[in-house]
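[1] Only the shape, not the letters, is given here:
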């Protein structure tokens, strides 16, 4: 197999793993009225970077400002995200996870981790260490 074909195959496998994780988490979900996949991505982004604005969020998520605004509006209505005025700039609004958002994200992360651990149970400890090392090498590059 040529390098390009290998890369395409790895990309397909990564996409398949993501779909598998999402589908299984939907089936075993214990969190009622859980966020959509897109909303979950925003919650995760806000958990890593505090005080993002809608434009910042759109930029880091690869979506339009309009799409990000709609997504955020839904998250605010659900009580997962709050808007906070930025001191010194009345036009700017920062987004933050609410307590409900933090708790929901914690529960969903635990669910997904349990599913992922079950899927990875087919790997030996040595294979897990190899996978971790490969991931770290890719992330560091």
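    Received the coordinates, thanks. Since we're looking at a predicted model, the values are computed, not measured. Numbers count the residues shown, from 1 in each chain.
[2] Doesn't residue 45 belong to a strand?
    No: the assignment for residue 45 (DSSP: H, G, I helix; E, B strand; the rest coil) gives helix, which keeps it out of a strand.
[3] middle-most residue in this protein, spatially?
    Nearest residue to the geometric centre of the chain (CA atoms, centre = their mean): residue 41, 3.4 Å.
[4] mind checking the SS state of that one?
    helix.
[5] Tell me the helices and strands packed up against the longest helix seen in the chain.
    Scanning the chain for the longest helix, with DSSP state H as the assignment, gives helix 3-28. Packed against helix 3-28 by the contact rule (3 or more CB pairs under 8 Å, 6 or more residues apart in numbering; DSSP states H and E) you find helix 99-120. Every residue, glycine included, has its C-beta placed from N, CA and C.
[6] what comes up buried for the helix it packs on?
    101, 104-105, 108, 111-112, 115 (16 or more other CB atoms under 10 Å).
[7] ok, and what's touching the very next helix or strand once past that helix?
    On the C-terminal side of helix 99-120, the nearest following helix or strand under DSSP states H and E is helix 125-140. For helix 125-140, contacts defined as CB atoms under 8 Å, 6 or more residues apart in numbering pick out 120, 123.
[8] chain center to helix 125-140, what's the gap?
    Here helix 125-140 is found 20 Å from its chain centre; the criterion is CA atoms, centre = their mean, to the nearest Å.
[9] same question, stretch 66-78
    16 Å.
[10] likewise stretch 11-25?
    Chain-centre distance of stretch 11-25: 13 Å, with CA atoms, centre = their mean.
[11] Could I get the average pLDDT for it?
    Stretch 11-25 shows a mean pLDDT of 84.
[12] The longest strand seen in the chain packs against which elements?
    Longest strand in the chain by number of residues (criterion: DSSP state E): strand 89-97. Applying 3+ CB pairs under 8 Å, 6+ apart, one finds that strand 89-97 contacts helix 37-48, helix 54-61, strand 81-86.
[13] Adjacent strands (with direction) for the shortest one?
    Yep, that's strand 81-86 we're talking about. strand 89-97 (antiparallel) (DSSP bridges).
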